[in-house]
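[1] Sequence plus predicted model, see below.
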Amino acid sequence: MIEIIKADGTAEQNYMKLLKSRSTQVSKTVTESVSKILEDVREQGDRALLAYTEKFDGKLPKFIEVPREEINDALSEADEDYVNALLNAIENISDFHNRQKQQSFINPKQNGVILGQRIRGLKRVGIYVPGGTAAYPSSVLMNAVPAKIAGVEEIVMVTPPLSDGTANPDILVAAALCGVDRVFLLGGAQAVAALAYGTESVPKVDKIVGPGNIYVATAKKLLYGTVDIDMIAGPSEILILADETAPASYVAADLMSQAEHDVLASAILVTTSEKLAKETVKELERQVKELSRKEIIERSLRDFGAVFVCEQVDYAVELANEFAPEHLEVMMQNPMEYIGRLDNAGSVFLGNYAPEPLGDYFAGPNHVLPTSGTARFFSPLSVDAFIKKSSYIYYTEDALREAHDDIVLLANKEGLTAHANSIIVRYQD
Ligand SMILES: NC(=O)c1ccc[n+]([C@@H]2O[C@H](COP(=O)([O-])OP(=O)(O)OC[C@H]3O[C@@H](n4cnc5c(N)ncnc54)[C@H](O)[C@@H]3O)[C@@H](O)[C@H]2O)c1
Ligand SMILES: N[C@H](CO)Cc1c[nH]c[nH+]1
Ligand SMILES: [Zn+2]
């Protein structure tokens with residue numbers, strides 16, 4: 001089901017190529033079909049939305065936009081324990097994200113100059129909530145809570161309908177609790193296109209955020225520029241860095257927690273212990289039998305799973321940084337020692353009691369995270385994704401006179417005499 005590979009420099013490079021091909025190979029055909037979907041939605045609006053929804057999601061929904069009464073009904077009929085669990089998660093997510101808030105500032109100088117920066121929430125944001133092979137109410141929370149904290153004026157959510165054309169009530173409950181303004185039963189590339197271009201029913205947004213499968217991630221990538229996006233948050237990934245102190249049953253369980261998301265998900269163990277490597281493989285085989293998404297897990301582990309045995313800890317750390325995984329678990333004897341050395345990961349989970357699903361649902365940090373090695377430069381979804389900044393400048397006549405010569409000189413250096421003139425003209429008699 002998963003191969004044990006001795007890290008020798010070449011094996012892991014080949015494996016990284018395989019992982020990259022996960023997006024590029026798939027992308028060639030996916031990019032073509034996604035491009036066609038985007039074009040059709042741009043040209044035909046709702047007509048294309050309905051046709052693609054029927055093609056990919058099964059039955060046509062009764063409505064594209066979920067009426068407000070249906071959202072309210074879902075909340076009033078919801079199971080109390082479920083609502084309480086969501087509220088507890090919302091509290092943790094809010095507490096974490098509130099700390100990310102940045103303040104506008106004003107900087108008055110002694111010579112009368114006033115400089116400042118104003119921060120405000122984006123006007124209208126589209127959030128994608130996955131719902132293909134599983135529905136993700138937790139992704140409603142992870143998208144909508146930071147958007148609310150940032151002060152976004154209108155949150156428009158898209159999520160695929162269930163196969164009978166109805167809305168998933170668990171998703172609606174999460175949307176109601178988070179104050180999502182509008183919910184559309186649309187999924188995949190067509191939903192992303194609708195948000196980017198706008199259609200008769202779906203309003204055009206300023207930015208699209210949220211995770212999704214390869215079709216969603218490719219659509220966001222292709223539409224960047226027409227609309228802003230947060231990052232590429234595609235099929236899930238986990239890399240576990242572990243030594244001989246890690247319990248194999250925990251390691252196996254955590255690898256499978258991400259493999260179950262998608263046949264394109266990747267799960268990797270990097271360890272200094274050959275014993276742990278062998279025990280983990282046995283545990284995977286034992287535990288998978290009990291799991292409902294066994295087929296997806298087995299395919300994902302077979303195609304994109306690996307166990308690397310490294311002789312040196314330093315090399316294991318280097319490998320983790322090179323992989324730049326979405327999630328990185330550190331199950332080493334002294335996990336805290338590694339924080340400063342792990343530079344490329346969406347989210348780092350430290351110790352034997354910080355399993356990845358703790359972050360998916362509850363702890364507080366965001367679970368919308370960069371994938372496919374993009375953790376080298378992208379960050380987790382945060383309040384920052386939902387704000388806009390403008391700076392402002394006020395100068396007095398005397399202050400500008402003082403700066404006159406420098407500005408004129410700099411403008412002339414660039415050969416931009418009209419720029420220089422705009423300063424000069426103010427001080428001519
Ligand atoms: N990186 C992150 O932060 C993060 C977070 C949560 C989930 N995820 C990922 O989100 C994904 C969820 O995937 P999902 O499929 O369950 O739900 P999804 O909502 O992302 O995708 C379902 C949609 O895909 C479209 N689709 C399916 N087959 C298609 C085809 N052949 N051509 C064109 N479009 C097609 C359909 O329109 C469907 O509505 C998983 O890959 C999971 O790993 C990532
Ligand atoms: N692990 C996913 C991000 O890759 C997030 C998620 C939501 N629900 C369960 N898991
Ligand atoms: Zn998960």
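    Structure received. Ligands and ions are numbered 1, 2, ... in the order given.

[2] Around ligand 2, pick out the residues from the stretch 201-350 of the chain.
    S236, Q258, E326 (Cβ under 6 Å from any ligand atom). Heads up, the C-betas are built off the backbone N, CA and C, glycines and all.

[3] How about the first one: what's its closest non-neighbour residue?
    With sequence-adjacent residues excluded and distances taken as Cβ to Cβ, 6 or more residues apart in numbering, S236 is closest to H261, at 4.1 Å.

[4] Provide a list of residues in contact with that neighbour.
    H261 makes contacts with A134, P235, S236, I296, S300, as judged by Cβ atoms under 8 Å, 6 or more residues apart in numbering.

[5] Apply 10 Å and report the result again.
    The contact partners of H261, by Cβ atoms under 10 Å, 6 or more residues apart in numbering, come to 130, 133-134, 136, 211, 213, 235-238, 267, 293, 296-297, 300, 360.

[6] pretty sure it belongs to a helix, no?
    No: under the criterion used here (DSSP: H, G, I helix; E, B strand; the rest coil), H261 is coil, not part of a helix.

[7] Tally up the residues packed near F184, please.
    Using other Cβ atoms under 10 Å, F184 is surrounded by 25 other residues.

[8] what sits against it?
    By Cβ under 10 Å, 6+ apart, the residues touching F184 are 49, 61, 63-66, 126, 156-159, 161, 167, 191, 194-195, 199, 201-203.

[9] Quick check: beta-bridge partners of it?
    On the basis of DSSP bridges, F184 is bridged to E65, V158.

[10] Wondering if the helix or strand where A193 lies reaches ligand 1 at all.
    Assigned by DSSP states H and E, A193 belongs to helix 188-197. Yes: for helix 188-197, a contact with ligand 1 is found by Cβ under 6 Å from any ligand atom, at G188, A189.

[11] quick one: that helix to chain centroid distance?
    Helix 188-197 has its C-alpha centroid displaced from the chain centroid by 17 Å (Cα atoms, centre = their mean, to the nearest Å).

[12] Can you list the buried residues in the helix or strand hosting K36?
    Per DSSP H and E: K36 is located in helix 10-44. With burial defined by 16 or more other Cβ atoms under 10 Å, the residues of helix 10-44 counted as buried are 12, 15, 19, 22-23, 26-27, 30-31, 34, 37-38, 40-42.

[13] Which members of these additionally contact ligand 1?
    Among those, ligand 1 is touched by none when using Cβ under 6 Å from any ligand atom.

[14] from what I can see Y250 touches F349, true?
    No: between Y250 and F349 no contact is recorded; they are 11.2 Å apart, counting by Cβ atoms under 10 Å.

[15] Have a look at the two and say which one is more surrounded.
    F349 (24 against 18).

[16] Contact residues of the protein facing ligand 1?
    Residues of the chain found near ligand 1 (Cβ under 6 Å from any ligand atom) are 33, 56-57, 130-134, 136, 139, 160, 187-189, 211-213, 215-216, 233-236, 261-262, 265, 326, 367-369, 371.

[17] give me the low-pLDDT residue ranges for the chain?
    Along the chain, segments meeting pLDDT under 70 span 23-27.

[18] Contacts only, for the residue nearest to the spatial centre of the chain.
    Most central in the chain under Cα atoms, centre = their mean is V368, positioned 3.2 Å from the mean C-alpha point. Taking Cβ under 10 Å, 6+ apart, we find V368 in contact with 127-128, 139, 142-143, 146, 209-212, 230-231, 233, 326, 346, 380-382, 385.

[19] hang on, the earlier thing: among the residues of the stretch 201-350 of the chain next to ligand 2, which one lies nearest to I106?
    Minimum distance to I106 across these is 38.8 Å, recorded for E326 (Cβ to Cβ).

[20] Am I right that the closest one is in contact with H367?
    Yes: with contact defined as Cβ under 10 Å, E326 counts as touching H367 (9.3 Å).

[21] Which residues are in contact with each of the two?
    The contact sets of E326 and H367 overlap at P211, A233, S236, G346, S347, E356, P380 (Cβ under 10 Å, 6+ apart).

[22] Would you map out the domains in this protein?
    Using automatic domain parsing, the domain ranges for the chain come out as 4-26+235-368, 45-231+383-387, 395-427.

[23] and the first one, how far from the chain's centre?
    Think domain 4-26+235-368. Distance of domain 4-26+235-368 from the chain centroid (Cα atoms, centre = their mean) equals 19 Å.

[24] Next, the distance between the ends of it.
    By Cα to Cα, to the nearest Å, the extent of domain 4-26+235-368 from end to end equals 30 Å.

[25] could you pull out the strands for the stretch 251-400 of the chain?
    Remark: strands assigned in the stretch 251-400 of the chain by DSSP state E, counting those that start in this stretch are 266-271, 305-309, 327-331, 347-350, 387-394.

[26] Quick check: neighbours of the fourth one in the sheet, parallel or antiparallel?
    Here the strand partners of strand 347-350, with direction, are listed using DSSP bridges: strand 327-331 (parallel).

[27] E200 and V41 touch, don't they?
    No: E200 lies out of contact with V41 (Cβ under 10 Å); the separation is 11.3 Å.

[28] still on that earlier bit, can you say which of the strands of the stretch 251-400 of the chain is nearest to S104?
    Closest approach to S104 among these is made by strand 387-394 (8.4 Å; Cβ to Cβ).

[29] now for the closest one, which elements pack on it?
    strand 105-108, strand 114-121, helix 137-150 (3 or more Cβ pairs under 10 Å, 6 or more residues apart in numbering; DSSP states H and E).

[30] what separates that strand from the chain centre, distance-wise?
    Centroid separation for strand 387-394 versus its chain: 26 Å, with Cα atoms, centre = their mean.

[31] Thanks a lot, see you next time.
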